[in-house]
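[1] quick one: sequence and predicted model below, then my questions.
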Amino acid sequence: MDQLPNPINNRLMVSICERIGLNIRILRGRQGLSQEKLAAIAGLHRAYIGQIERGEKNIGLQNLEKIANALSVDIRALVDSLGIDE
């Protein structure tokens, strides 16, 4: 079977976990928050925030919502291509 062409340039191909992690890191940095402070606000462990930012964890929807609320952003801001555009 023929494979369909990938619409995303391979150099820009980033997993959704990596994209979300990068977006969290960017938004956290813009607000001047450390991983520890974001974790405390979101009610999550600092090490977990680091793993998410590095794209190592497949974050659940409830934790994604906690982080979005802690950053005062809509969940869409964490999923959109913010980090890739910068």
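    Now that the structure is in, tell me what you want to look at.
[2] which one's the longest helix in the protein?
    helix 16-30 (DSSP state H).
[3] now do the contacts for L64.
    20, 75, 78 (C-beta atoms under 8 Å, 6 or more residues apart in numbering). (C-beta placed from N, C-alpha, C; glycine too.)
[4] quick one: which of the residues you listed is nearest to G29?
    Distance to G29, by C-beta to C-beta, is smallest for L78 among those, at 13.9 Å.
[5] where does the closest one fall, phi/psi-wise?
    Backbone geometry at L78, expressed as degrees, to the nearest 10, gives phi -80, psi -20.
[6] from L61, how far out is it?
    Using C-beta to C-beta, to the nearest Å, we find L78 at a distance of 11 Å from L61.
[7] mind checking which of these two has more residues around it?
    Neighbour count, other C-beta atoms under 10 Å: between L78 and L61, L78 has more, with 24 against 8.
[8] quick one: pLDDT of the more buried one?
    L78 is assigned 94 on the pLDDT scale.
[9] residues contacting E18?
    G55.
[10] what separates it from G55, distance-wise?
    3 Å.
[11] same check, this time on R30
    For R30 relative to G55 (C-beta to C-beta), the value is 19 Å.
[12] of those two, which one has the most company?
    Legend: neighbour count by other C-beta under 10 Å for R30 and G55, higher for G55 (17 against 9).
[13] list the contacts for that one?
    Per C-beta under 8 Å, 6+ apart, neighbours of G55: 15, 17-22.
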